[in-house]
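Undergrad: pasted the sequence and its predicted model underneath.
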Amino acid sequence: MRRILAGAGLILVATAAGAQDAPIIHDAEYYILEAQHAAQWAEDDVAVDAALARFREGNGGKSPNIVNILIDDIGFGDLGIPELNAVRGYETPHINQFSDEAMRMVRMYTEPSCTPTRVAQSTGRLPVRTGMGDTSVDISGFGLPGSEVTLAEVLKQAGYNTSHVGKWHMGDVAEAFATNQGFDYAQHAIHQQGQLTIFNEDAIREQVSVGISDFDPAYTLDDLFRPDSSAMMTVVEGEAGGPIREIRMEPGERWTAAKYDEMNQAFQDKAMEELERLAAADEPFFLQYWPMVPLDNTRAGRDGPESPNGGLYVDKMQMLDGWLGSFFEKMEEVGVADNTVVILMGDNGHFTKYSPQSGYTPMVFRGGKGDTTEGGVRVDSFIRWPGMIGADTMINNIIHVSDLYTTLARFAGADQYIPRDRLVDGVDQSASILFEDESKGRRDHVIIYSIATPKAIVKDKLKLNLPGAGESAILANFFDIFRDTHEKYPVSTEVGAWGGQEFQRILKRHLGRKEMYPDIPPAMGVPYEGIENIRPETAAAVEAFLLKQSSVTK
């Protein structure tokens, strides 16, 4: 399947399917493991196929529904463990109950920040492969390329209805919008919480944001320097192939903390509506609900749960916990709880720049959002599938967020639609998850990037912080992350004597595969193009952005 951008929408064009008979192309380390475990993997594949066939037979011949809930900026240990809730001074009883019904994927690795994690989960590919390794806050003019094949597109080819609600944050150009990336319906914010909770008058009054409007204009020459979130596009809604419109903002209206709260409540309400609508159809469904809370940086107009912790994010996390409890109850009510795979996880570690007022600080691992330490890329992660995945279980083998792409496609009987013309980083972890067997995992390493630069390699229980350009590899730090969760005590001499060269070879093989399957740039274009009802102030903001861009080529 290839895609052509046409105005506001994308046209899907069928291509020859013969290439789909070939194996999925993976990174180099996969083939090293495959050479050692091919016979066992073949047996496991047969067992997985049999288990999935039994499920479909008992489910009227249909594959499972899939619900994907991705929570923003949650560190490891904050969800699913009442004892650690008590340490923090707050409660998430509904998520804790969900964790008792689910499997905890203990060694789930994400990317260090929002956009790259969402790209990896959606495409099964490291975000560096599409130039999407960075996180943009305001108008940027780039996004996820239309040539990428998202999980939603894979599932649509297998007959799934698809819907997305909440955060998106994969670009502000037309081909990056959710309705142009495989979703039949979507209601999502174009940007993220930086714009929506910090770039407004309420945040300025509370000193959450400094220097946007609290300055003397007499000394200002550049009137385009400071952002205005009220002029940016906020939330859009539409259907695939149809018009895309901004909703709940009128020309001249200012964005406020109250509107942020209204938006989040609207996302929750819409997720509940979509669940009910999709459950009533005959086809299996894929529903993504990516909440914007718990991030909420002001106290203006705050209401809802309060905790002894009292943090800005923690109190909203308790509110979100109640919302998710209602969502899970609705799944029972509409009769889909038993035939639906539910993923619930964080996208990266805490935004530690807002510690301690956020209510969160690193607990088990060091660091947070943007860091390549374990605290930046290790998250709480649960998967529930009654009768198929053991309740209150856990696996401790390495899983990367990109593996969900390949694994969920396998659960859906849609893995034949995963593209074979590019390298896919996600590996199939079905056997490990279905049979609760860590030895059946198909990954034993992760290369951790910061934007476009590899910064660390995890292999087994060891981690190497890669030396920078011009730095001696002899001085690089190794850590045993089972013994040293805060990465404070290097074991460089003990490991480096035998492992240093092996880690360097992992990186060289990875870079060699990148030469064979080169990275591509992100989609570039005019921000918000294809949205029907752009407000005058938004059009002016786009013109200012384009003016700044054109200054480079003068």
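TA: Looks like it arrived, so ask away.

Undergrad: got the residue ranges for the helices in the stretch 1-150 of the chain?
TA: Counting by DSSP state H, counting those that start in this stretch, one finds helices in the stretch 1-150 of the chain at the ranges 28-58, 82-88, 93-101, 114-123.

Undergrad: now the ones you listed as JSON lines including mean neighbour count?
TA: C-beta coordinates here come from the backbone N, C-alpha and C atoms, glycine included. Formatted as JSON lines, those follow (neighbours: other CB atoms under 10 Å):
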{"stretch": "helix 28-58", "mean neighbour count": "14"}
{"stretch": "helix 82-88", "mean neighbour count": "15"}
{"stretch": "helix 93-101", "mean neighbour count": "18"}
{"stretch": "helix 114-123", "mean neighbour count": "27"}
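
Undergrad: so, low pLDDT: which residues of the stretch 1-150 of the chain?
TA: In the predicted model of the stretch 1-150 of the chain, residues 1-19 satisfy pLDDT under 70.

Undergrad: I'd guessed Glu537 sits against Pro251; true?
TA: Yes. Assessed by CB atoms under 8 Å, Glu537 is found in contact with Pro251 at 7.1 Å.

Undergrad: of the two, who's got more company?
TA: Glu537 (16 against 10; other CB atoms under 10 Å).

Undergrad: ok, now how distant is the more buried one from Asn59?
TA: Distance, Glu537 to Asn59, using CB to CB, to the nearest Å: 50 Å.

Undergrad: out of the helices of the stretch 1-150 of the chain, which gets nearest to Lys488?
TA: Among these, helix 82-88 comes nearest to Lys488, with 20.4 Å by CB to CB.

Undergrad: stretch 279-291: end-to-end distance?
TA: 20 Å (CA to CA, to the nearest Å).

Undergrad: where's the residue nearest the centre of the chain relative to Glu253, distance?
TA: Centroid-nearest residue in the chain, with CA atoms, centre = their mean: Arg118, separated by 2.8 Å. As judged by CB to CB, Arg118 and Glu253 stand 28 Å apart.

Undergrad: one more: Asp380?
TA: Distance, Asp380 to Glu253, using CB to CB: 37 Å.

Undergrad: neighbour-wise, which of these two wins?
TA: Asp380 (24 against 13).

Undergrad: OK, contacts around the residue lying closest to the more buried one once chain neighbours are set aside?
TA: Of all residues not flanking Asp380 in the chain, Leu79 sits nearest, at 4.2 Å (CB to CB, 6 or more residues apart in numbering). Leu79 makes contact with 71, 92, 95-96, 99, 344, 346, 380, 382, according to CB atoms under 8 Å, 6 or more residues apart in numbering.

Undergrad: give me the sheet partners of the host helix or strand of Phe286 and which way each runs.
TA: Under the criterion DSSP states H and E, the helix or strand holding Phe286 is strand 285-290. Sheet partners assigned to strand 285-290 using DSSP bridges are listed as strand 65-71 (parallel), strand 161-166 (parallel).

Undergrad: in the stretch 201-350 of the chain, which spans are helices?
TA: Going by DSSP H, counting those that start in this stretch, the stretch 201-350 of the chain shows helices at 201-205, 257-279, 312-333.

Undergrad: quick one, the second one and strand 65-71 angle?
TA: By that I understand helix 257-279. With axes from the mean of the first three to the mean of the last three CA atoms, to 10 degrees defining the directions, helix 257-279 sits at 160 degrees from strand 65-71.

Undergrad: that concludes my questions; thank you for your assistance.
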